[in-house]
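> sharing a model that was predicted from the sequence below.
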Amino acid sequence: MKQIITKITCDVCKGEMSPIHKDEKTHITVVFTTEQTEGRSIKHYLSNELIDLCNHCQQKVIEGHMIFAEGAMGHNTYWFKHWKNPDPAQLGLKKESEG
Ligand SMILES: [Zn+2]
């Protein structure tokens, strides 16, 4: 039989998320560093975004880390400051099942 499995990855760390998160994006306030039409750098501002956020990154937000964003036309990149392109292994993302 053929099984189609939807893989969901966290918009921030790109780590794979458990299927439990399917269709459950998180509304979150991020710090945008570009305007969203052409992606030019401007003065940072807050923006409400709907993103896939894994438990680990969600916990980081709860601990007080802001998510930063850049991009245009809906193609956005998200990261924690000082954590751009993090190594998922370093972030303790080996297993997503706990918590
Ligand atoms: Zn994440």
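Nice, thanks for sending it over.

> residues of the protein that sit close to the ion?
Residues of the chain found near the ion (CB under 5 Å from the ion) are 10, 12-13, 15, 54, 57. No exception for glycine: its C-beta is placed from N, CA and C like everyone else's.

> give me the buried positions along stretch 42-53.
By 16 or more other CB atoms under 10 Å, the buried positions in stretch 42-53 come out as 49, 51-53.

> so which of those comes closest to the ion?
L53 (6.2 Å; CB to the ion).

> tell me the pLDDT of the closest one.
Model confidence at L53, given as pLDDT, is 92.

> repeat that for F80.
pLDDT, read off for F80, is 92.

> please apply the same query to D23.
So, for D23, pLDDT stands at 66.

> again with Q90
For Q90, pLDDT reads 53.

> thinking again about what came up before, got TSV for the residues of the chain next to the ion, with secondary structure too?
Shown next, in TSV, are those (DSSP: H, G, I helix; E, B strand; the rest coil):
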residue	secondary structure
C10	coil
V12	coil
C13	coil
G15	coil
C54	coil
C57	helix
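
> flag the shaky bits of this structure, pLDDT-wise.
The chain contains residues with pLDDT under 70 at 20-23, 82-99.

> that one: helices as residue ranges?
Assigned by DSSP state H, the chain shows helices spanning 55-62.

> next, the contact list for the residue found closest to S47 once you drop the neighbours it is linked to in the chain, please.
Spatial nearest neighbour of S47, excluding adjacent residues (CB to CB, 6 or more residues apart in numbering): F32 at 4.4 Å. F32 makes contact with 44-47, 68-70 under the criterion CB atoms under 8 Å, 6 or more residues apart in numbering.

> thank you, goodbye.
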